[in-house]
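1. A structural model of the following input is requested.
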Amino acid sequence: MGVRIGKNDVVAPGAEVRLLPGMHIYVTRAKSVRMIFGGDERLVYTRAGTVREFLREIGIEPQEGDRIFPSLNDPIRKGMTVSFVTFRDGVEFTEERLGYSTVYEDDQNMVEGEQRLVAAGVEGLIRREYRVTRLNGVETGRELVSEVWFRASDEVIAVGTRVPSTPAPSSSGPAVTFEGLSCVETMNVYATSYTAASAGGSGVTATGTGVYRGIIAVDPRVIPLGTQMWIPGYGYGIAADTGGSVVGAFIDLGYGPDDVIDWQSKYVDICMLG
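-> Residues are numbered from 1 along each chain as shown. Predicted coordinates for the structure are as follows:
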């Protein structure tokens with residue numbers, strides 16, 4: 001018969017089926033279609049009956065707004081051109097982080113050099129909603145629909161400004177009675193506590209002793225090393241150590257590694273025993 005079969009044509013029954021008298025053989029011809037999609041052009045062979053069936057055959061599902069020529073219900077003809085342009089109109093969101101600032105506030109109830117966190121900082125946020133249109137995946141329009149601001153909250157840190165007063169030099173007057181003790185003088189100081197571990201040093205004081213209960217770190221310009229004293233709530237001690245942060249009317253009460261630290265930092269009147 002001289003029937004030529006192309007590689008995209010379909011023969012039914014198949015070519016391997018044995019011929020019998022009176023058998024009918026059907027040949028479905030594939031049609032060549034020039035497909036234009038996303039700016040690309042290619043030649044496609046199809047046995048689809050309509051443009052809609054052709055698009056589904058090559059894995060394209062049209063959506064509302066897409067631009068298709070010819071129409072979806074047009075029949076496929078050999079050598080025809082099918083042009084498909086995607087049109088997408090949707091909503092997109094963006095978020096922009098806003099940093100917070102740090103504000104320092106003076107606090108006269110704290111000793112100079114001390115700091116305390118009053119309020120933690122919280123980042124802000126700008127959330128924007130856009131309506132975006134795209135042709136073949138390329139953005140062609142962007143319209144701001146809404147914008148919501150979440151303001152940042154500043155970090156607030158209190159900074160101590162109180163400078164402990166330097167006591168007046170002791171007079172040669174009579175001793176002062178203090179809690180039943182005979183004091184050379186009394187002095188109002190700010191007292192904190194420390195251990196060898198918390199001080200971060202070698203564990204040896206400025207006078208060569210270890211750090212244990214009864215060892216007091218002082219500013220030698222205010223309280224001479226070797227001075228014995230009584231601290232209410234702590235007991236007897238001796239000025240035997242110094243420290244970089246121990247300045248002015250400020251003392252640091254020593255504790256050993258196994259001692260229970262029962263001291264709360266505060267201002268206190270102490271008794272100088274000599």
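2. per-residue confidence for residue 269?
-> Note on residue 269: pLDDT of 93.
3. host element of it?
-> strand 266-272 (DSSP states H and E).
4. what comes up buried for that strand?
-> 268, 270-272 (16 or more other C-beta atoms under 10 Å). Yep, even glycine has a C-beta here, placed from its N, CA and C like the rest.
5. how about stretch 203-212?
-> Applying 16+ other C-beta under 10 Å to stretch 203-212 flags 205, 211-212 as buried.
6. in JSON lines: those residues, plus pLDDT, distance to residue 110 and secondary structure.
-> Formatted as JSON lines, the buried residues of stretch 203-212 follow (pLDDT from 0 to 100; distance: C-beta to C-beta, whole Å; DSSP: H, G, I helix; E, B strand; the rest coil):
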{"residue": "205", "pLDDT": "89", "distance to residue 110": "27", "secondary structure": "coil"}
{"residue": "211", "pLDDT": "90", "distance to residue 110": "25", "secondary structure": "coil"}
{"residue": "212", "pLDDT": "91", "distance to residue 110": "29", "secondary structure": "coil"}
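7. domains in the chain, by residue range?
-> Using automatic domain parsing, the domains assigned to the chain come out as 26-85, 90-162, 176-272.
8. show the average pLDDT along the biggest helix by length in the chain.
-> In the chain, taking DSSP state H as the definition, the longest helix is helix 51-57. Per-residue pLDDT over helix 51-57 has a mean of 91.
9. helix or strand right after it?
-> Using DSSP H and E, the helix or strand that directly follows helix 51-57 along the chain is strand 67-69.
10. what segments of the stretch 51-200 of the chain are strands?
-> Using DSSP state E, counting those that start in this stretch, the strands found in the stretch 51-200 of the chain span residues 67-69, 81-85, 87-98, 102-111, 115-119, 124-135, 138-150, 155-162, 176-178, 181-183, 185-194.
11. which among those is found nearest to residue 228?
-> strand 181-183 (10.5 Å; C-beta to C-beta).
12. off-centre distance for that closest one?
-> Remark: strand 181-183 is offset 58 Å from the chain centroid, using C-alpha atoms, centre = their mean, to the nearest Å.
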